[in-house]
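Peer 1: Build me a model from this:
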Amino acid sequence: MRNGDNTGKMIIFSAPSGSGKTTLVRHLLDQRNDLEFSVSCTTRPPRGLEKHGIDYYFLSTEEFKKCIENEDFAEWEEVYSERFYGTPHSEIERIWRKGKNVIFDTDVVGGINLKKKFREKALSIFVKPPDLETLGKRLSARNTDSPEDLKIRIDKAAKELTYQDQFDCVIVNDDLDAAKKEIENKIEKFLKP
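Peer 2: Just a heads-up that it's a prediction; the model follows:
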């Protein structure tokens with residue numbers, strides 16, 4: 001895969017936290033059997049019912065830094081201070097070996113980096129909240145972050161919204177059913193042989 005000798009494609013979903021990208025990714029995985037989710041690595045602790053190897057590979061900071069040294073990642077980023085996220089080459093290779101296309105749920109910079117690396121093999125989709133106020137309400141409703149962390153996420157979202165023009169398409173997620181339909185159509189067109 002690192003030499004570009006594969007035939008798979010990839011769909012990259014990126015968005016500010018709370019925009020609904022994970023909901024849209026899960027919808028596509030339920031609809032299409034030619035897609036498989038690429039499990040990312042992170043140094044953050046699991047939230048709620050998240051499971052190692054299914055939602056993320058939960059690594060210590062030391063383990064993650066060792067993977068960086070070994071060039072194990074197709075892309076990686078320190079998203080928040082000492083909170084690293086990365087896409088292992090091995091996940092992409094595993095999925096392409098199965099004859100499936102890869103679907104990613106990444107942060108915004110990670111999505112841009114994957115698109116730059118895989119160019120025409122990748123469709124990059126930016127999921128946008130209707131506005132920052134709605135995004136704040138969605139994040140608050142999750143009940144997983146302290147008020148300080150919520151502020152950090154909203155400030156980061158405002159910055160991430162400035163990157164949307166670097167994606168192949170932008171989906172405004174103000175009506176979930178409409179967003180699902182729009183995503184289905186874009187994926188169908190992209191994956192057509």
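
Peer 1: which one's the longest helix in the chain?
Peer 2: helix 176-191 (DSSP state H).

Peer 1: just checking, what packs against that one?
Peer 2: helix 21-31, strand 122-128, strand 169-172 (3 or more C-beta pairs under 8 Å, 6 or more residues apart in numbering; DSSP states H and E). Glycine gets a C-beta too; all of them are placed from N, C-alpha and C.

Peer 1: Need the residues that contact the helix or strand following the second one.
Peer 2: Read in the C-terminal direction, the helix or strand following strand 122-128 is helix 132-142, with elements assigned using DSSP states H and E. Judged by C-beta atoms under 8 Å, 6 or more residues apart in numbering, the contacts made with helix 132-142 from elsewhere in the structure are 16-20, 129, 145, 150, 153-154, 157-158, 161, 174.

Peer 1: ok now the helix or strand bottoming out on mean pLDDT in the chain, how far from the chain's centre?
Peer 2: Between all helices and strands in the chain, the lowest mean by mean pLDDT, DSSP states H and E belongs to helix 132-142, at a mean of 78. Relative to the chain's own centre, helix 132-142 is displaced by 19 Å; criterion: C-alpha atoms, centre = their mean, to the nearest Å.

Peer 1: can I get the CA coordinates of the helix or strand following it in CSV?
Peer 2: Sequence-wise, the next helix or strand downstream of helix 132-142 (DSSP H and E) is helix 147-160. The C-alpha trace of helix 147-160 is given here as CSV (Å, rounded to 0.1, in the frame of the first residue of the first chain):
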residue,chain,number,x,y,z
PRO,A,147,-17.2,23.5,30.7
GLU,A,148,-13.5,24.2,30.0
ASP,A,149,-13.2,21.3,27.5
LEU,A,150,-16.5,22.5,25.8
LYS,A,151,-15.0,25.9,25.3
ILE,A,152,-11.8,24.4,23.9
ARG,A,153,-13.9,22.3,21.5
ILE,A,154,-16.0,25.2,20.3
ASP,A,155,-13.0,27.4,19.8
LYS,A,156,-11.3,24.6,17.8
ALA,A,157,-14.5,24.1,15.8
ALA,A,158,-14.5,27.8,14.8
LYS,A,159,-10.9,27.4,13.5
GLU,A,160,-11.7,24.1,11.7
